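Asks: with the sequence up front, the predicted model follows.
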Amino acid sequence: MVKTVPVTELAILVIVVLVALAFDFTNGFHDTANAMAPSVATGALKPKAAVALSASLNLVGAFLSIEVARTVGSGIVDLTGVDGESLMLIVLCGLTGAIIWNVLTWLFGLPSSSSHALFGGLIGATIAALGITGVLWGGVAQKILIPALLAPVIAGLVAFTGTWLVHRATRRISERSERKDFRWGQIGAASLMSLAHGTNDAQKTMGVIFLALVAHGTLDPEADMPLWVRVVCAVAIAAGTYMGGWRVIRTLGKGIVDISPRQGMSADFSSASIILTSSHLGLPLSTTHVASGSVIGSGMARTDAKVRWSVARRMLVAWLITLPAAGAVGAACFLLAGLFGHLWGSIVVTAILIAACAAMWLRSRASHVGHHNVADEWEQPKKERKREIDRELSAVASGIAPVSRPRKRKKRKDRGGDR
């Protein structure tokens, strides 16, 4: 006997799958910077060529493993006693919180974690639906919080060590020839990082869709990942990557530190090795945290590099509030959807999501960043420049720094006209 599927459940499932693919798309364009920002900043790759290469390797990487997808699909939300429609609505509201946070941080050019936005949204929606006990806090601590604290620190230390060793081994190479000598090393490192990003991040959306299919009753929790889910998730993240996410690329490539070719190669190799290891172990690590930690660590290893800590502080603030901010949006969406019922609530939440994203996209047009200006020199804000001047003046007044005096120019004798 063929099981009849209620139209309401099927409609909610379709909405959830489409919104999950939209999240996968935003994950792609938001996190392109993690792989390609150093190569674009140093000129090793042209901006359009960089995103095309990254998109291709994201597509390939999505098929290499499904360990992370299994982690996302289980171990975060307690599924005991939850009906299918309610669970699908929880997933939809969690995705909504993640997408809104992704687009908002993209608007401000902040390299925030798509992974933590997703988990934050799911946790917030779960708390609104089931209460505190609906979240498996042991799994949250083990799979999200502890890796979030350790990942940027470990990445920074690895990148610091790698950059220092590379500079020591190649100290005889001049700055003029550095770009040419390290170009292919940078491209190789960026390619490996793109592959790692596809392997880790595309699987997060696979896990979410798998969770929705289990809630709908289409799949058994112990079933294998369907091929069609892997294909559509791989295509969605690759398409998002190809869009560029130029605002975040600019911040990570130019805003934190002026990246040299040797430094960029070391940072990308460090990030890729850590992310590929975490994918093998099934840890849904934040590629943004790893890449940002690598860039900062590699910058600190150069004596001539200047890390812009003001930009790094803004990134840190975004990291700290990602989980609660996305969680608050997810919870609010679930409470709002409850006023309309499961189906109409899903439609209302999706409409709000579309309107919010459209408004932020229109706002971004006021200060357009694209492939034509992504590698321009970083302009320091006036307030930061004023504080820097004030510090210099204070140092001079206290006798720490010498006063620079202009040299007197010698007058040239008149030799009977201009030369």
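Replies: Sure thing, it's come through. The model shown is predicted, which means the values in this text are computed figures rather than measured ones. Numbers count the residues shown, from 1 in each chain.
Asks: which strand or helix spans residue 328?
Replies: Element membership for residue 328 (DSSP states H and E) is helix 309-337.
Asks: just the buried positions in that helix, please.
Replies: Of all the residues in helix 309-337, those buried under the rule 16 or more other C-beta atoms under 10 Å are 311-312, 314-315, 318-319, 321-323, 325-334, 337. Where you see a C-beta, it was placed from the backbone N, CA and C, and this is true even at glycine.
Asks: and stretch 105-115, by the same measure?
Replies: For stretch 105-115, burial by neighbour count (16+ other C-beta under 10 Å) applies to 105, 106, 107, 109, 110, 111, 112, 113, 114, 115.
Asks: look up how far residue 130 lies from the fourth one.
Replies: Just to be clear, that refers to residue 109. 36 Å (C-beta to C-beta, to the nearest Å).
Asks: the helix holding residue 328 packs against which elements?
Replies: With contacts taken as 3 or more C-beta pairs under 8 Å, 6 or more residues apart in numbering; DSSP states H and E, helix 309-337 sits against helix 84-107, helix 114-130, helix 287-300, helix 342-364.
Asks: average pLDDT for that helix?
Replies: Mean per-residue pLDDT for helix 309-337: 90.
Asks: now do it against helix 342-364, angle only.
Replies: On the basis of axes from the mean of the first three to the mean of the last three C-alpha atoms, to 10 degrees, helix 309-337 is oriented at 150 degrees to helix 342-364.
Asks: ok, now how distant is residue 8 from residue 229?
Replies: Going from residue 8 to residue 229 by C-beta to C-beta gives 22 Å.
Asks: how about residue 147?
Replies: For residue 147, the distance to residue 229 equals 24 Å [C-beta to C-beta].
Asks: cool, residue 61 as well?
Replies: For residue 61, the distance to residue 229 equals 16 Å [C-beta to C-beta].
Asks: when the two are compared, which one has more neighbours?
Replies: residue 61 (27 against 22; other C-beta atoms under 10 Å).
Asks: mean pLDDT for the helices and strands packed on helix 309-337: which is lowest?
Replies: Across the helices and strands packed on helix 309-337, helix 287-300 gives the lowest mean pLDDT, at a mean of 82.
Asks: so which elements touch that one?
Replies: Against helix 287-300 (3+ C-beta pairs under 8 Å, 6+ apart) you get helix 7-42, helix 114-130, helix 146-169, helix 183-216, helix 261-281, helix 309-337.
Asks: and the ones you listed: which comes nearest residue 357?
Replies: Of all the helices and strands packed on helix 287-300, helix 7-42 sits nearest to residue 357, with 8.4 Å by C-beta to C-beta.
Asks: where does the protein have its least confident helix or strand?
Replies: helix 382-397 (a mean of 57; mean pLDDT, DSSP states H and E).
Asks: sorry, back to before: out of the helices and strands packed on helix 309-337, deepest packed?
Replies: For those, the largest average neighbour count (mean count of other C-beta atoms under 10 Å) is found in helix 287-300, namely a mean of 29.
Asks: between helix 183-216 and that helix, find me the angle.
Replies: Angle, helix 287-300 to helix 183-216, by the same axes, to 10 degrees: 160 degrees.
Asks: who's in contact with the residue lying closest to residue 51 once chain neighbours are set aside?
Replies: Excluding its sequence neighbours, the residue lying closest to residue 51 (C-beta to C-beta, 6 or more residues apart in numbering) is residue 244, at 4.9 Å. By C-beta atoms under 8 Å, 6 or more residues apart in numbering, the contact set of residue 244 is 29, 32, 47, 51, 370, 371, 374.
Asks: now with 10 Å?
Replies: By C-beta atoms under 10 Å, 6 or more residues apart in numbering, the residues touching residue 244 are 28-29, 32-33, 36, 40, 47-48, 50-52, 54-55, 369-371, 374.
Asks: got it, and residue 130?
Replies: Residue 130 is in contact with 77, 78, 79, 80, 81, 82, 86, 87, 90, 334, counting by C-beta under 10 Å, 6+ apart.
Asks: let's see 8 Å
Replies: The contact partners of residue 130, taken as C-beta under 8 Å, 6+ apart, are 78, 82, 90.
Asks: roughly how far apart are the last one and residue 147?
Replies: So the one you mean is residue 90. For residue 90 relative to residue 147 (C-beta to C-beta), the value is 23 Å.
Asks: what of the second one?
Replies: For residue 82, the distance to residue 147 equals 26 Å [C-beta to C-beta].
Asks: more neighbours: which of those two?
Replies: Taking neighbours as other C-beta under 10 Å, residue 82 and residue 147 compare with residue 147 leading, 21 against 17.
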